[in-house]
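1. Structure, please.
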Amino acid sequence: MKTKLEKEVHFLKIYAFVMTLGCAVFFLTAFAAQDKKQKFTEIDVERINIVEKDGKLKMVISNQERQQSQIIDGKTLPLTKGGRPPGIIFFNHLGNEMGGLIYGENGGKGQVGSFTFDKVNQNETIGFRHLESDNGEYAAGLTVWQRPDTSLKIFLDKYETVKKCQMKPPEKLPFKS
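-> Next comes the predicted model:
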């Protein structure tokens, strides 16, 4: 007849074997590659990044708060005051923005809608736009811009240099006025 200690040791061996087997099954199934398509009836997100296999950004769909800044020559430009409206931003093979579809409001009763295409390393060259002010005045239609061959990044770098060089007036004048 087995002693109480022998019974407990036997139980613990069985318990340890079952738990080890259970953990192994869990880890093998939980971390297995999932190549199946997922189907959703409805999904709420703030931003979706569409990327290539190498991780290069190709498209961003987002709300205003999480909207992507413009990227030119690999440099992410700062967002302007108030940010960018929600929408879809597209990126070319170089990783630069190449246009987008945005829509939003102007902080009042008006609204804006824009579908644009960008020149490489520049800004919009063609766009379908609807801009409406608070008082109901609006402009809508096809807009065409003629952009230079110089990268917009060069202009922005020069602008930043000029901003840094601007002299601020002294707080106290060295003489009485």
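2. contacts, neighbours, all on C-alpha from now
-> Will do.
3. okay, and for this structure, where does confidence drop off?
-> Applying pLDDT under 70 to the chain picks out residues 1, 32-34, 167-177.
4. domain ranges for it?
-> Taking automatic domain parsing as the reference, the chain has its domains at 1-33, 47-165.
5. Any idea which of those domains gets closest to Phe40?
-> Closest approach to Phe40 among the domains of the chain (C-alpha to C-alpha): domain 47-165, 14.9 Å.
6. Off-centre distance for that closest one?
-> Its chain's C-alpha centre and that of domain 47-165 lie 12 Å apart, by C-alpha atoms, centre = their mean, to the nearest Å.
7. One more: stretch 5-14?
-> Counting by C-alpha atoms, centre = their mean, stretch 5-14 is centred 57 Å from the centre of its parent chain.
8. For Gly87, which residues count as its bridge partners?
-> Legend: beta-bridge partners of Gly87 under DSSP bridges are Ser62, Ile102.
9. Quick check, it in contact with Asn63.
-> Yes: here Gly87 reaches Asn63: they are 6.7 Å apart, a contact under C-alpha atoms under 8 Å.
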